[in-house]
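1. all I have is the shape, not the residue letters:
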């Protein structure tokens, strides 16, 4: 298997785990203005630059994407979910933009701090059940 193929498989498995998590424990949706305010609060708490939130026309399956060069998140939904926004914040906060261990660990931590402990525990379990690397789960917030 090539490195590119392995990365695509890891990405697909990560998305599958997140989809299963969202089916089991949906995160809240919010309108764009609320999402902007919420992202500012998340960024402040995480000590990162608040991302610009831009709304674009739906492009199919994707709910959102991160644009690292501009510290921006593009949402393709008029009511993005907290999980989708935190997924993109994790991309902006990680040194490596892939869907690897660093990303998954960052996402679980963000969900723990900004959604709930049960949501984070479920997401961590979904990653682990698929054999995806993720740092041990910490039940306490930092």
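-> Done, it's in. Just so it is clear, the structure is predicted and the values come from calculations on it, not from any experiment. Numbers count the residues shown, from 1 in each chain.
2. in what helix or strand does residue 66 lie?
-> According to DSSP states H and E, residue 66 maps onto strand 64-67.
3. what comes up buried for that strand?
-> Within strand 64-67, the residues scored as buried using 16 or more other CB atoms under 10 Å are 64-66. Where you see a C-beta, it was placed from the backbone N, CA and C, and this is true even at glycine.
4. got it, and stretch 80-98?
-> The neighbour-count check on stretch 80-98 (16+ other CB under 10 Å) flags 80-94 as buried.
5. out of those, which sit inside helices?
-> Cross-referencing the buried residues of stretch 80-98 against helices under DSSP state H gives 82-93.
6. export those residues as JSON lines, with columns for distance to residue 107.
-> Putting these into JSON lines (distance: CB to CB, whole Å) gives the following:
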{"residue": "82", "distance to residue 107": "12"}
{"residue": "83", "distance to residue 107": "9"}
{"residue": "84", "distance to residue 107": "11"}
{"residue": "85", "distance to residue 107": "11"}
{"residue": "86", "distance to residue 107": "6"}
{"residue": "87", "distance to residue 107": "6"}
{"residue": "88", "distance to residue 107": "10"}
{"residue": "89", "distance to residue 107": "8"}
{"residue": "90", "distance to residue 107": "4"}
{"residue": "91", "distance to residue 107": "9"}
{"residue": "92", "distance to residue 107": "12"}
{"residue": "93", "distance to residue 107": "9"}
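7. quick one, what contacts residue 14?
-> Residue 14 makes contact with 99, 103-104, 127, 132, according to CB atoms under 8 Å, 6 or more residues apart in numbering.
8. need these in CSV with pLDDT, can you?
-> Formatted as CSV, the contacts of residue 14 follow (pLDDT from 0 to 100):
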residue, pLDDT
99, 93
103, 96
104, 97
127, 97
132, 96
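9. now neighbour count and secondary structure too, for the residues you listed, in a markdown table please.
-> Shown next, in a markdown table, are the contacts of residue 14 (neighbours: other CB atoms under 10 Å; DSSP: H, G, I helix; E, B strand; the rest coil):
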| residue | neighbour count | secondary structure |
| --- | --- | --- |
| 99 | 24 | coil |
| 103 | 22 | helix |
| 104 | 25 | helix |
| 127 | 24 | helix |
| 132 | 18 | coil |
